[in-house]
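**Q** Turn this into a structure:
(4 chains)
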Number of protein chains: 2
Amino acid sequence: MIKKVLIAEDHESANISLQKTMEELGITDFHHAFYCDNALERIQREKARNDSYDLLITDLSFEEDSNVQKIKDGLTLIKEARLAQPDLRILVFSASKEAATIELLEKTLLIDGYVRKARNDAKELKEAIEKIANNQRHFPRHLMELVKQKNAHDFTKFDITVISLLAQGTLQKDIPVYLQEHNIKPAGLSSIEKRLNLMKESFGFAKNEQLVAYCKDMGII
Amino acid sequence: MIKKVLIAEDHESANISLQKTMEELGITDFHHAFYCDNALERIQREKARNDSYDLLITDLSFEEDSNVQKIKDGLTLIKEARLAQPDLRILVFSASKEAATIELLEKTLLIDGYVRKARNDAKELKEAIEKIANNQRHFPRHLMELVKQKNAHDFTKFDITVISLLAQGTLQKDIPVYLQEHNIKPAGLSSIEKRLNLMKESFGFAKNEQLVAYCKDMGII
DNA sequence: CTCAGCATTACGGTTTCCCATAAAATAACA
DNA sequence: TGTTATTTTATGGGAAACCGTAATGCTGAG
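**A** Numbers count the residues shown, from 1 in each chain, chains lettered A, B, ... in the order given. A predicted model of the protein is given here:
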């Protein structure tokens, strides 16, 4: 049963609708945290008082402002919250549709649910909370599969290293030196060219600039 | 005076908070449109009935789904709405912090206000609507200046066009052709090179890939 | 050990990009 | 109108990237 909920979300308008959703679910004992640090404090405090939260609903991205925070994003908050209270249920409510992020949340951080801010998000939020109350998990399967399909290419660590170096301004011909220094193999210029070509071909791209733009969009680098 | 309002917004949760804001402002005569096409239809219909809307509040990005739309984004909706009803007030409520977009809305499309989905958005929304009711306009000055300051370099329309073309995979040597076709001057290859060099120099960048990465990060392209 | 099969690297020719300089066009001004 | 600035475009040489191919190294099966 979910009775006590903490909402970590900086957008006022999102908070308003979350509040309404809580009310519709008959949950009256909930609090808002507009900053991550405050959210973690509350979790720790209530746990110490033997009055722990049942559920944390959190966004992933928090805007930075003059109020400087130790924890700057939802991902870190989730990790810290898990340390502070291992049995806490966690539901992420975010606009991100990045497959890698959702997969990380589901497979590695083992959160309880993910609802994407989108057309029917309020309805889905209710579903998700009800499922979590019944010890089920809630993830947007359909979406993840779609996104996965779109990424025709599986980016390896090597790929990401190379593209990051390019995005930092490293000359292609200088990349082998860097790779050797960091004991990354293969390190030959031809191997780098080959890999870049493979990536570009699989996306139908013509230039490295396109690849960098794509990886930035996808949050890969 | 603002009495009759149309809200074009696809996210359910954003609609919920907008609804609450309307209620708090004492505006009871408002309607939701979840798709752009429907929003335009409503504007046209009510105008024909001599019962026009006083204000349109719209998002900029709408998610595409199975329900295929003629109008796919807020920018187009705004242009069409202006054609249908020139005296309609328009307030944009969007998460975009792209300076170029806000400037376009303010300077060219001459909308009445812009509120960014952020920490205190509900409060700002009320302010903006009240200002518009008093024939004032509302724009987030501070933000725009911040974004401007941060960018050591002032990106011109030309700069953005060139970088976008690069990010799309256009070969540098093919850009002059594109510029000529679109009547953009200057169009010479040397001018493009000169401009790219200037940008790279002002950031201390070595390669175009870096520039693309930076512009992606900053939301410039 | 030998040899096939694959991955990696090396090399050479071509294209594109980069950069400096010169020519041409345009704007500014008296 | 003529003269000077300024901007834009043209050109050529050199560096980097691109692309195909050949050589080398590594691995595992027989």
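**Q** three-state assignment of the residue positioned nearest the centre of chain A?
**A** Central residue of chain A (Cα atoms, centre = their mean): A:Thr101, 4.1 Å from the mean position. Under DSSP: H, G, I helix; E, B strand; the rest coil, A:Thr101 falls in the helix class.
**Q** how close does it get to DNA strand D?
**A** For A:Thr101, the distance to DNA strand D equals 29 Å [Cβ to the nearest atom of the strand, to the nearest Å]. (C-beta placed from N, C-alpha, C; glycine too.)
**Q** So that residue sits against A:Leu60, correct?
**A** Yes. The pair A:Thr101 / A:Leu60 is scored as a contact, 7.2 Å apart, by Cβ atoms under 8 Å.
**Q** re the thing from before, let me know the pLDDT of the residue nearest to the centre of chain A.
**A** A:Thr101 is assigned 78 on the pLDDT scale.
**Q** Against DNA strand C, how distant is A:Arg195?
**A** 8 Å.
**Q** Provide the contact partners of the helix or strand in which that residue is found at residue level.
**A** Using DSSP states H and E, A:Arg195 falls within helix A:189-203. Helix A:189-203 has contacts (Cβ atoms under 8 Å, 6 or more residues apart in numbering or on different chains) with A:152-153, A:155, A:158-159, A:162-163, A:172-173, A:175-176, A:179, A:205-208, A:210-211, A:214.
**Q** Would the helix or strand hosting A:Lys216 count as contacting DNA strand C?
**A** A:Lys216 belongs to helix A:208-217 when elements are defined using DSSP H and E. No. Judged by Cβ under 7 Å from any atom of the strand, helix A:208-217 and DNA strand C are separated, with a smallest distance of 8.8 Å.
**Q** tell me which residues of that helix are tucked away?
**A** A:208-216 (16 or more other Cβ atoms under 10 Å in any protein chain shown).
**Q** model confidence over the helix holding A:Arg195, on average?
**A** Mean predicted lDDT for helix A:189-203 stands at 87.
**Q** Buried residues of that helix, list them for me.
**A** For helix A:189-203, by 16+ other Cβ under 10 Å, it's A:191-192, A:195-196, A:199-200.
**Q** Close to DNA strand C: what parts of chain A are there?
**A** A:185-191, A:194, A:207.
**Q** quick one: which of these is nearest A:Met22?
**A** A:Lys207 (49.3 Å; Cβ to Cβ).
**Q** residues in contact with that closest one?
**A** A:Lys207 sits next to A:200, B:166, B:169-171 when contact means Cβ under 8 Å, 6+ apart.
**Q** And the strands in chain A?
**A** Ranges of strands in chain A, per DSSP state E, are A:4-8, A:29-33, A:55-58, A:89-94, A:113-116.
**Q** The second one pairs with which strands?
**A** As defined by DSSP bridges, the strand partners of strand A:29-33 come to strand A:4-8 (parallel).
**Q** contact partners of the strand it pairs with?
**A** Outside strand A:4-8, the residues that touch it by Cβ under 8 Å, 6+ apart are A:15, A:18-19, A:22, A:27, A:29-33, A:36, A:39, A:42-43, A:46, A:51-59, A:74, A:77.
**Q** what are the ranges of the helices in chain A?
**A** A:12-24, A:36-48, A:74-84, A:99-103, A:121-133, A:141-150, A:157-167, A:175-181, A:189-203, A:208-217 (DSSP state H).
**Q** for the second one, which positions count as buried?
**A** Neighbour counts using 16+ other Cβ under 10 Å place A:36-40, A:42-44, A:46-47 of helix A:36-48 among the buried residues.
**Q** picking that back up, show me just the buried residues among the contacts of strand A:4-8.
**A** Of the contacts of strand A:4-8, these count as buried by 16+ other Cβ under 10 Å: A:15, A:18-19, A:22, A:27, A:30, A:32-33, A:36, A:39, A:42-43, A:46, A:52-59, A:74, A:77.
**Q** among those, which are in reach of DNA strand D?
**A** Among these, DNA strand D is touched by none when using Cβ under 7 Å from any atom of the strand.
**Q** okay, and the helix or strand of chain A with the least pLDDT?
**A** helix A:141-150 (a mean of 53; mean pLDDT, DSSP states H and E).
**Q** ok so, going back, just curious, which of the residues of chain A next to DNA strand C is nearest to A:Ser96?
**A** Nearest to A:Ser96 out of the residues of chain A next to DNA strand C is A:Lys207 (Cβ to Cβ; 27.2 Å).
**Q** burial of A:Asn67, as a residue count?
**A** Neighbour count of A:Asn67, defined by other Cβ atoms under 10 Å in any protein chain shown: 10.
**Q** Spatially, what comes nearest to it if we skip its sequence neighbours?
**A** A:Tyr35 (6.4 Å; Cβ to Cβ, 6 or more residues apart in numbering or on different chains).
**Q** Same check on A:Ala33?
**A** Spatial nearest neighbour of A:Ala33, excluding adjacent residues (Cβ to Cβ, 6+ apart): A:Ala39 at 3.7 Å.
**Q** Make sure that neighbour is actually in contact with A:Thr58.
**A** Yes. Using Cβ under 8 Å, A:Ala39 is in contact with A:Thr58, at 7.1 Å.
**Q** before we move on, back to that, what's the helix holding A:Lys216 packed up against?
**A** helix A:157-167, helix A:189-203, helix B:157-167, helix B:208-218 (3 or more Cβ pairs under 8 Å, 6 or more residues apart in numbering or on different chains; DSSP states H and E).
**Q** A:Gln69: which of these is closest?
**A** Closest among the helices and strands packed on helix A:208-217, using Cβ to Cβ: helix B:208-218, at 20.4 Å.
**Q** relative orientation of that closest one and helix B:157-167 in degrees?
**A** 110 degrees (axes from the mean of the first three to the mean of the last three Cα atoms, to 10 degrees).
**Q** can you tell if helix B:208-218 touches DNA strand D?
**A** No. For helix B:208-218, no contact with DNA strand D is found by Cβ under 7 Å from any atom of the strand; the gap never falls below 8.9 Å.
**Q** Quick check: mean pLDDT of that helix?
**A** 85.
**Q** could you give the angle of it to helix B:189-203?
**A** Angle of helix B:208-218 versus helix B:189-203, following the same axes, to 10 degrees, is 60 degrees.
**Q** starting at the chain centroid, how far to helix B:208-218?
**A** In terms of Cα atoms, centre = their mean, to the nearest Å, the centre of helix B:208-218 is set 21 Å apart from its chain centre.
**Q** Pass me the low-pLDDT residue ranges in chain A, would you?
**A** Where chain A drops to pLDDT under 70, the residues are A:99-100, A:141-154, A:218-219.
**Q** Can you spell out the domain ranges of it, please?
**A** Domain assignment for chain A by automatic domain parsing gives A:4-149, A:157-217.
**Q** chain center to the longest one: distance?
**A** Once both centres are worked out by Cα atoms, centre = their mean, domain A:4-149 turns out to sit 11 Å from its chain's centre.
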